[in-house]
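*Asks:* my questions are about this predicted structure, shown below with the sequence.
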Amino acid sequence: MNLDVADDVILAVLALRVFGRDVLGLLRRVAAAGVRAGISEMRRESGTEGQP
C-alpha cells in the first residue's frame, strides 16, 4: 500500500466517523417521508382519507 492510498483510506475513515451520524439521520428522515407518502397514497386510493 503506497502512501497516497493510505492517505485516501485514512481520509475516508475520518469522514465516515465525522459525518456518519448525520448521513444516518438524513437517511432515516428520507425513509420516514417515503413511508408517509406511501400511506397517504394508499388512503387516497381506498377513499378512507379523513375517516378514523
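*Replies:* Received it, and whenever you're ready, just let me know what you need. Residues are numbered from 1 along each chain as shown.
*Asks:* hey, let's count contacts and neighbours off CA atoms from now on
*Replies:* Noted.
*Asks:* how far does the helix or strand where Ala33 lies sit from its chain's centre?
*Replies:* Assessed by DSSP states H and E, Ala33 sits inside helix 3-46. Counting by CA atoms, centre = their mean, to the nearest Å, helix 3-46 is centred 3 Å from the centre of its parent chain.
*Asks:* by contact count, what packs against it?
*Replies:* When contacts are defined as 3 or more CA pairs under 8 Å, 6 or more residues apart in numbering; DSSP states H and E, helix 3-46 packs onto no helix or strand at all.
*Asks:* report the mean per-residue pLDDT for that helix.
*Replies:* Taken as a whole, helix 3-46 has an average pLDDT of 89.
*Asks:* how far away is the most centrally placed residue in the chain from Val18?
*Replies:* Centroid-nearest residue in the chain: Leu27, 1.0 Å away (criterion: CA atoms, centre = their mean). Here Leu27 is placed at a distance of 16 Å from Val18 (CA to CA, to the nearest Å).
*Asks:* same deal with Val30?
*Replies:* Taking CA to CA as the measure, Val30 falls 20 Å from Val18.
*Asks:* may I have stretch 9-21 exported as PDB, CA atoms only?
*Replies:* Coordinates of each C-alpha in stretch 9-21 appear next as PDB, following Å, rounded to 0.1, in the frame of the first residue of the first chain:
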ATOM      1  CA  VAL A   9      -8.200   5.400   3.300                       C
ATOM      2  CA  ILE A  10      -7.500   7.500   6.400                       C
ATOM      3  CA  LEU A  11      -9.400  10.400   5.000                       C
ATOM      4  CA  ALA A  12     -12.400   8.200   4.100                       C
ATOM      5  CA  VAL A  13     -12.400   6.700   7.600                       C
ATOM      6  CA  LEU A  14     -12.300  10.100   9.300                       C
ATOM      7  CA  ALA A  15     -15.000  11.400   7.000                       C
ATOM      8  CA  LEU A  16     -17.200   8.400   7.800                       C
ATOM      9  CA  ARG A  17     -16.600   8.900  11.500                       C
ATOM     10  CA  VAL A  18     -17.400  12.600  11.400                       C
ATOM     11  CA  PHE A  19     -20.400  12.600   9.100                       C
ATOM     12  CA  GLY A  20     -21.700   9.100   9.600                       C
ATOM     13  CA  ARG A  21     -24.400  10.000  12.200                       C
END
